[in-house]
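>>> quick one: sequence and predicted model below, then my questions.
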Amino acid sequence: MKICIYGAGAVGGHIAGRLAGSDAEVSLIARGEQLAAIQQNGLRVETRDGTLLSHPAATDRPADLGPQDIVIVAVKAPALPTIAEHVASLLHRDSLVLFVMNGIPWWYFHSHGGTLDGTRLQRLDPTGALWDHIGPERAAGAVAYTACTVIAPGVIRAENALNRLIIGRPDGQPDARLDTLASLLNPSGLEVTITPKIRDAVWTKLVMNLIGGSLGVLTASAMKDVLNKPAIAGTAKAMADEGIAIARALGCDPGDPDKGLSKLATSSHLQSIAQDLLAGRPMEIDGLFRVPLDLAELVQVPTPNLDLIIELATQRARTAGLYQQPNN
């Protein structure tokens with residue numbers, strides 16, 4: 001099986017490093033210093049169980065690789081529309097595109113059912129490039145629990161003792177390609193679960209990202225140093241309750257928020273969106289923050305606490321020049 005990981009940052013590089021020891025033919029799309037380091041020295045993934053060193057084919061020219069059976073897209077959401085045509089160059093008729101990302105995915109309402117079925121999310125795909133060039137029927141979703149960081153060009157550290165990937169199709173149907181991917185990754189130490197309810201998994205993580213991401217942006221701190229303050233912990237609980245209400249109004253079960261908050265309160269990992277702010281990289285404001293609030297308005301769920309904290313976090317991103325959408 002030919003598998004290309006598009007985006008060799010923290011998450012994509014981690015997945016590529018785990019796949020490298022399998023029978024799959026693995027390739028990477030990277031750029032800049034990351035690409036140069038991987039081409040010269042290989043890809044180095046430091047895990048709790050040891051270091052994984054591999055030498056996958058790496059390029060910044062997707063068309064050079066030819067058609068792939070699975071393309072795993074692990075770039076940040078703001079870049080997705082700009083790479084849609086490049087991803088399309090990697091596809092054959094039966095290719096699957098697995099999007100590993102935080103927040104609401106662009107394909108969210110594909111095969112959703114009900115009155116919202118087929119609704120397009122313009123904030124995430126403003127020109128329709130993803131819908132038109134890749135197509136939601138090719139898409140599958142993935143939610144990663146890995147806590148990875150690029151610590152040097154070509155070097156990724158996976159901090160979690162347990163690394164998990166939850167994957168599934170928007171229509172909830174079984175897919176042999178996902179089964180094969182799981183069989184390749186599970187022996188590597190990346191635990192893969194296939195779910196018929198990928199939107200539930202999206203919301204389970206998103207509710208915590210709404211809190212950890214926004215407060216991380218405002219404080220530039222890991223949540224263990226933030227949620228130990230009673231006033232902030234109380235606001236975080238109210239934010240979680242609002243996020244849960246949005247998910248349930250959309251027909252999803254995001255699980256027990258108290259369990260998620262307990263884990264978040266002990267996390268020493270700086271949320272990725274806060275890392276982006278500190279590094280001066282474009283921030284996933286829409287997928288993580290603004291679109292969930294759009295959906296709250298769509299299903300008429302009041303979100304006063306999320307509104308306040310997210311507006312502040314959005315303004316912080318605007319002030320840093322890392323969020324280009326107009327005030328809305």
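On my side now, so go ahead.

>>> can you list contacts of stretch 259-276?
Under the criterion C-beta atoms under 8 Å, 6 or more residues apart in numbering, residues 10, 76, 102, 147, 149, 159, 204, 207-209, 211-213, 216-217, 220-224, 227-228, 233, 236-237, 240, 278, 281-285, 288, 322 lie in contact with stretch 259-276. Using the backbone N, CA and C atoms, a C-beta is placed for each residue, glycine as well.

>>> which of those are buried?
Buried members of these, scored by 16 or more other C-beta atoms under 10 Å, are 10, 76, 102, 147, 149, 204, 207-209, 211-213, 216-217, 222-223, 227, 236-237, 240, 281, 283-285, 288, 322.

>>> those residues in strands, which ones?
Using DSSP state E, the subset of the buried ones among the contacts of stretch 259-276 located in strands is residue 149.

>>> inside helices: which ones of the buried ones among the contacts of stretch 259-276?
Among the buried ones among the contacts of stretch 259-276, DSSP state H puts 10, 204, 207-209, 211-213, 216-217, 236-237, 240, 285 in helices.

>>> among the residues you listed, which two are most distant?
The span of these, defined through C-beta to C-beta, is set by 10 and 237 at 28.9 Å.

>>> quick one: low-confidence parts of this protein?
Scanning the chain for pLDDT under 70 picks out 325-328.

>>> just want the most central residue of it.
In the chain, the residue lying closest to the centroid (C-alpha atoms, centre = their mean) is residue 101, at 1.4 Å.

>>> now for that residue: which residues touch it?
Going by C-beta under 8 Å, 6+ apart, residue 101 touches 73, 74, 76, 77, 142, 284, 287.

>>> can you put the residues you listed in CSV and add distance to residue 31?
As requested, the contacts of residue 101 are exported to CSV (distance: C-beta to C-beta, whole Å):
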residue, distance to residue 31
73, 14
74, 13
76, 13
77, 17
142, 22
284, 18
287, 21
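
>>> what two of these are the furthest from one another?
142 and 284 (15.2 Å).

>>> buried residues, stretch 285-294. List them.
Applying a neighbour-count criterion of 16+ other C-beta under 10 Å, one finds 285, 286, 287, 288, 289, 290, 291, 292, 293 buried in stretch 285-294.
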